[in-house]
Structures are given as structure tokens and as C-alpha cells.
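Novice: The amino acid sequence is not available; the structure is as follows:
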């Protein structure tokens, strides 16, 4: 079996379960983002992959070998830490060459590789600089170059871009994704930023409470969220409760919605993205409500509608500006194609 | 590298030498001393294993009671003097420029590390008739004739304050450096003068630190053994002096050990109090 | 306020400096008299430290003792501090407590404990017993500076080194040691200077067989005054000032003291 495989991995700290029975398969060469709020167990999961923490139960396989108990330094990893962890007593070049030096690689070869990597991160000639003299973005690049010096089997990044300002962060996301695709290296990134995950990942793994809630490509995560947590955490959504009437039709706020496939007698939640909410004249939609607020952001218009104690947000582009004012009665049409029935 | 409890014997490796050294050369001597304090003294400076309480009983005499009382009183007086001068000094120091702070810290450390013998010698010189302070007073016309200011209680007290002062400042320094400067600034904007702000904001905020420092300096002063000998009369001798005297000159080890054990108990009780005061500070 | 502060600093400074000024003054007296202001000018009392065999031997004894005991204290403190930082072992803090205890208790207690110990084991008076005694007495200083140094090391540096393939030993050599070195040096410096000046532990353990400089001064004081005491005092003060000045120059002295006193 190739790639990285986590089998029923659990990590407990005393009585607290940080990671609960997680199984995950990461094929070679893919880019995976572990995404979730702080305390969801994503960093602990990465630390176990790196060997910095031992799982309480379960096993970790890499390229067919069980590496659960293999010490970190024998795993042939490259890892970028949240704090970057650049060695303050070494220069930029010495930092990048560290993993080569301790493997006894010759001076000449070290220098050649350092120059290669510096060119790759667009910092040629920086080898002799002190790391304390670098800007945030430069430190970031050096940490990445250092992790890639030995062409590792796994490239791990723990909140790598969190210290950068928004603009630089977005640029680095694109750069990091391009770099990964060029090198074809299996990469795992821990992040709490959903934009970051959507930008870079082949597979987004959404975690909460120590468990994987959904692992899927970004578009699927957005379009077909598995549960209300994922739907709410990824982007903006309307979570609307529904029940099923005697005829097997889903009813929302007392009104039947045709075309939704639901099981008999069930209750649950619908997730409807704001851009999929269609406003109509009163009586023309399944639901009727009252406009409570209109936010015009220039690029998009958000209309807040109160309907039976539930707030529903609709987003429209300026071209399809809905002609509504606060206090006006409107109808809302739910499209069965874009209304997702959530598991829980 | 995982940070976890040691698993294999090899993981304990770094601990062997330090643990061994501290056990053999601190715990064992300490236990020996406690054991000796219960031993029976024999003529000629030897002692034999026994379990007697005579050494402690002797301690209850009027003479030793007076020595203990004097030691405690002296240490308290020194501690109060040091803290009273030390707090405003350290406060001002912590608000000075970094360069000035470092200069003072180097000077204070140098004096703190200066041998007690040398401090005693320096003060006995300053208090002497031929090279001392009184010559200056004569020159100024304040006195008619130079005179020796030792031995005297004042001399002991002054020199011990001198010795303990750098220690006081270094104990107070971290707490005062970390004191939020906006506290006094807030007081100033509310109309307090700098001196008033110091007494109404800084001192109350540091109440527990001050108490803990008093105790630390008190223990430090209890340890002084040469200055009372060099600058005082026999009635100014402290418990530390007496312990040395009994151990070395009277060759009464069991009695010296008993006094030392007693001193440890007093000190430990005070350290406990200091830690308690420190904890109160955190809780506040 | 500034004027008041200056005056206060000046008065405290005067109090601290006055005895030292007088000592420095009498150390340059031409004749063997205790006089201030000095009569005449001569540096011969400084020469005396090195030419008079008694003073020279005491100086050599003191410097040797300080150099060796500070090194031994470091050898005890470094692995202990490293272990406490590297491992999760709360019980091992008992050794940290033991390391701090000798310095916190009144010195006469440690001195008497060691005296009874060396007397009981039959090694009383051997010069090497003073080295061990001082090392134990002053182990607090490197222990506290090193503990502070270790807490200042970002653990992710060590983890980063591990992910790059470094084992425990390599990490210690290539990452931990370079970062802890300044604290090793200051810990040694503190122990060295204090050992140089220490009286009672040295006196109680080897006082009858070996004369360190503080013991020599005390013994000499009983027989009256000699200006060499003054010149030695000035020399020792200068050594301390230079050592701590260097620590301040190459390390962060306020930070070092900030946490040091806090730990006690």
C-alpha cells in the first residue's frame, strides 16, 4: 500500500481525547489540508504523523511501512512549524543545510543544494544573512526551503502562513501550491483558514472535536457538506430545519418543498448557500418572510429575511439586484438541486 | 524528539551524576548533622552515637535564649532597613535607562559577591580612629578628636545593612521591573504627585512582594557570622557565630549541630511563609 | 523628581562606595600604616599579593578552588537542568530543590553539615573536599541560570531538528548547546566569583590545612593590620566587576537577574 495511511488513530492527553479514532488515506503526491477550529485535534494529528507525539491507539503507515513507533528523526520528513523554528544561532544557509550537514553531506554539495533551494524560493544570495534580519515572508520561505532540503517523503506544514499579513498570505498560498505541484511531493497542511484550504488542497479534511467530519475535494466540501458543522464552517450558509410529512415530502416552516429526497418520518437540517436562495414575489416561493435588513457591499448584496423566527440570508450580484426594502414581504424559493439535506 | 517521561534506564542517564552528588554531599551531610545533634558529647572534643536531647535542652537556657533573641532582632532590623531603602531605590532603578540599570547591577553584584571578611575589614577601616570617618568630621569641625566607632552595635548594624542591601535590590528587581508603568501613569493623570503615586499605587501593589523580600533578607541576615565578630562585642554575637564557635573552638559538635538544626527549622518556617506570601500575590 | 532621584542615587552610591574608597585609599599608603587620606603613594602592597609567598599561595589556592568548584558545580547543574527540561518527570524537581537549598539556608548550616560529613568519613582537611563543598554550596547559581536558559529555548527548534533527522545527541550538540552556552558561561562566572570570596564553608572544611584569601585575611586581621588586606580587597572587587561586566556585555544581565531572583 502506497501513500500515507492513518488507521483508527486516537490520542488522549490524560482524560482529554484530542484525536478520536481517525482513519485517513493520503495518496502519494496529493495536497491535503487539515482544517478546523482551534482545539479540533488537527495539530495533534500532524504531530503524530511527524512522530512528535505518539498515538494512544491506532497505527500510521507510510509507503507500506508501519511508522507508528519510528522516532521522528528517522522518518525523512520536512516540516514547517507555526513559529517557523528557524535556528537563531545559524545563518540562512546553515539553516537550510542543517539536515544535509547532520547526514554528513560534503561541504561542496551542501552549498550547491542551498543555492538551488535559495533560487527556488526567490532569495538567491541570502545564504550568509542572519535569520533575524529577514522579513516575515522571507523567513517563511527559508523555513520551507529548509524543510525541502533532503527531498522528504512527506512535507508537513503547521499553520505555516499564520504570521503573515493577509495579502502576503494569499500570494504564498498560490506559490506553495505551485511548488507542491512542481515537486509532486505528498503535502499535509494544518490550517484554520478555510480560504487557505480551498486555495491549496486536493483534499480538505474538516475536523472538529477530534474527529474527521468530512474529507473531500474543496468543491465537494462546499457543495455537498456532510453535516451542519462542515456546512457552517466552510463559507456562509443558511441552516434551515425541515420535517417530513405523511406524504413523504419535506416541509420547511410548514410549507412543502417538492423534489427533496428524504426518508420517511425524518427530521433534519437543510443547508442552502446564500447565493442559492432565490427571492420572489410573496406567495411565489415555498416560504414567505419579511425583509429585515439589506447590506449592500458593492460587489454583492445580502438580503436578510425573517421567516417564522428563522433568519435566511440571500446573496445576489449587483446585476440581479432584488428590488426590496426593509419591512417588505418576499417569497423564498428553495431549489432542491442546491438544498443539501444534512446527515445531522 | 518527544518530551515524555523517561522510559528506558538510559533516559535517566543525565540524572545519575547530579542526583548522586547532591545526595551524597548534601543530603547525607545534612542527615549526619541531624544525627550528631542527638549524640552524646565526650571530653576531648569527641562524641559518640546516642540519642539524647541534652543538646536541645541546653539551648533553652537564658544565655542562648538571649543570643537567639538578639540574632532575630538584628536580622529583623537589617531586613527592615534594607527594604525601606531598597524599595524606592529599586523602583527608581527599574525606571532608569537600561545602561544605567546595567551599571548599577554590575556594581551591586560585585559588592554582593565581596567576601564578608573584606566587607568587615572595609567597615572596620572606615570606622577606625586613624583612617576613618571621624577624621572627616574633625576636618569639617564637627568633632574635636577622631575616635574609633567599633566595636559597637551601630557598626554591626551598618555593615550588615551594607552587605544585605545589594541582595535586597536583586530580590526586588524582577518584581519592580515587571510592574506595569501605566499604573503610576494612571495615578498621575488622576492627580497624584510622583511621590504620592509611589506610596498609594506602587507600595500597595507590591505588598506581598515586600513581605516576601523582608523574609528573604531576614534569612540572608541570619546567615551573617563574621561581621558581628569583627565589628561587635561578644554580646552582639549571633547564632551563626555561636554555631561556628561551638563547632570549631569549643569542639562541641553535638551542640553546634543542635543549634544548626534549630536554625534550619526557623529558616524553613520562614521560607514557607515567603512562598505562601508569594502565592498570595499570584492569586491576587 | 529628577533632582531628587539623582540625590537619592548619589546617597546610596556613596554609602556603597565609601568603605571601598577608604580601602582603596589605604591600599596605596607608602608605609604600613592604616591612614586615610593615604600618606604617600605606593603600589607595593599590590605587588605584595604576588611576591609575598603567603599571600601568593592564598591567592593561588583561592583561584584554583574557585575554578575547580565552579566547573564541578556546572557539571552537576547542566545535566540536571537538561534532564528537567527534556523529560516529563515532576518527581525529579526534588533535585532542583536540593540544588537550591544550600544557597537559601544560612551558610553556616551547609558548612556545619559538610564539616560533620568530612569528619565522619575521615577526609577532613583534604584540599579536594573544599572543591566538592564549594561545588555543592554554589550549584544553585549555574542551576538557576541554566534552568532559565532552557526555558528560553523554543521547543519547536528542537522538534524542527528532529524532523530534519537529528537524534537526541545531535540535537544537543548542534542546537541546544549553542543556545545554552551564554547561560553556561554566566552560571560558571557567578559560581567562580562567589567561590573566590567564600569564607565559612572553606573555613569549616579546610580552614586548618589550607588558606584561601578570605581565610588569610581573617587570620591576618587577628594579628593586626597589613595594607595587603586592602590591596587584595580592591583586587577581588576588580575581578568581580570585570567578570560581571563581561557577563553584562555578552549576555542579557537584567533578564538573567530578572528570573534568577524570581526563582529563589
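Specialist: Thanks, I have it. All values derive from a computational prediction rather than experimental measurement. Residues are numbered from 1 along each chain as shown, chains lettered A, B, ... in the order given.

Novice: residue contacts, the residue of the stretch 1-150 of chain C found nearest chain A?
Specialist: Relative to chain A, the nearest point of the stretch 1-150 of chain C is residue C:88 (11.5 Å; Cβ to the nearest Cβ). In this view, the C-beta of every residue, glycine as well, is placed from N, C-alpha and C. Going by Cβ atoms under 8 Å, 6 or more residues apart in numbering or on different chains, residue C:88 touches B:3, B:4, B:5.

Novice: On the three-state scheme, it is what?
Specialist: Assigned by DSSP: H, G, I helix; E, B strand; the rest coil, the conformation of residue C:88 is coil.

Novice: Would you mind measuring from it to residue C:185?
Specialist: In this view, residue C:88 and residue C:185 are 28 Å apart by Cβ to Cβ, to the nearest Å.

Novice: try residue C:137
Specialist: Look at residue C:137 and residue C:185: by Cβ to Cβ, they are 20 Å apart.

Novice: which of those two has more neighbours?
Specialist: residue C:137 (27 against 17; other Cβ atoms under 10 Å in any protein chain shown).

Novice: going on from whichever strand or helix holds that one, what's the next piece of helix or strand?
Specialist: Residue C:137 is part of helix C:127-138, with elements assigned from DSSP states H and E. Using DSSP H and E, the helix or strand that follows helix C:127-138 in sequence is helix C:140-151.

Novice: picking up where we left off before, of the contacts of residue C:88, which one scores lowest on pLDDT?
Specialist: Lowest pLDDT within those is found at residue B:3 (73).

Novice: what sits against the closest residue to residue B:177 other than its chain neighbours?
Specialist: Nearest residue to residue B:177, sequence neighbours excluded (Cβ to Cβ, 6 or more residues apart in numbering or on different chains): residue B:94, at 4.7 Å. Shown in contact with residue B:94 (Cβ under 8 Å, 6+ apart): B:101, B:173, B:176, B:177, B:179.

Novice: what do you get for residue A:242?
Specialist: Contacts of residue A:242 by Cβ under 8 Å, 6+ apart are A:250, A:251, A:252, A:257, A:260, A:262, A:267, A:268, A:269, A:270, A:341.

Novice: Just the buried ones from these?
Specialist: Buried by 16 or more other Cβ atoms under 10 Å in any protein chain shown: A:250, A:251, A:252, A:257, A:260, A:262, A:268, A:269, A:270, A:341, out of the contacts of residue A:242.

Novice: Can you name every helix or strand that the lowest-mean-pLDDT helix or strand in chain A contacts?
Specialist: Here the helix or strand of chain A ranked lowest by mean pLDDT, DSSP states H and E is strand A:255-257, holding a mean of 76. Using 3 or more Cβ pairs under 8 Å, 6 or more residues apart in numbering or on different chains; DSSP states H and E, the elements in contact with strand A:255-257 are strand A:250-252.

Novice: quick one: contacts of the strand it packs on?
Specialist: Applying Cβ under 8 Å, 6+ apart, the contact partners of strand A:250-252 are A:240-245, A:256-257, A:260, A:262, A:270, A:286-287, A:334, A:341.

Novice: thought residue A:31 was touching residue A:200?
Specialist: Yes: contact criterion Cβ atoms under 8 Å: residue A:31 and residue A:200 qualify, at 5.9 Å.

Novice: Those two: which is more packed in?
Specialist: Per other Cβ under 10 Å, whichever of residue A:31 and residue A:200 has more neighbours is residue A:200, with 26 against 21.

Novice: Surely that one and residue A:170 touch.
Specialist: No: judged on Cβ under 8 Å, residue A:200 makes no contact with residue A:170 at a distance of 10.8 Å.

Novice: what about residue A:242, which SS state?
Specialist: Here residue A:242 is recorded as strand under three-state DSSP.

Novice: can you pull the pLDDT of it?
Specialist: For residue A:242, the model assigns a pLDDT of 84.

Novice: So what sits opposite it in the bridge?
Specialist: When assigned by DSSP bridges, residue A:242 has beta-bridge partners residue A:252, residue A:268.

Novice: what residues does chain C put near chain A?
Specialist: C:154, C:156-157, C:159-167, C:170, C:174-175, C:178-179 (Cβ under 8 Å from any Cβ of the partner chain).

Novice: If we use 10 Å, what do you get?
Specialist: Contact residues (Cβ under 10 Å from any Cβ of the partner chain) of chain C with chain A: C:153-168, C:170-171, C:173-175, C:177-179, C:181.

Novice: Let's see which of these end up in helices.
Specialist: Among the residues of chain C next to chain A, DSSP state H puts C:155-163, C:168, C:170-171, C:177-179, C:181 in helices.

Novice: re the thing from before, strands paired with the least confident helix or strand of chain A, and their directions?
Specialist: Strand A:255-257 has its sheet partners listed here by DSSP bridges as strand A:250-252 (antiparallel).

Novice: Out of the buried ones among the contacts of residue A:242, which comes closest to residue B:158?
Specialist: The nearest member of the buried ones among the contacts of residue A:242 to residue B:158, counting by Cβ to Cβ, is residue A:269 at 81.4 Å.
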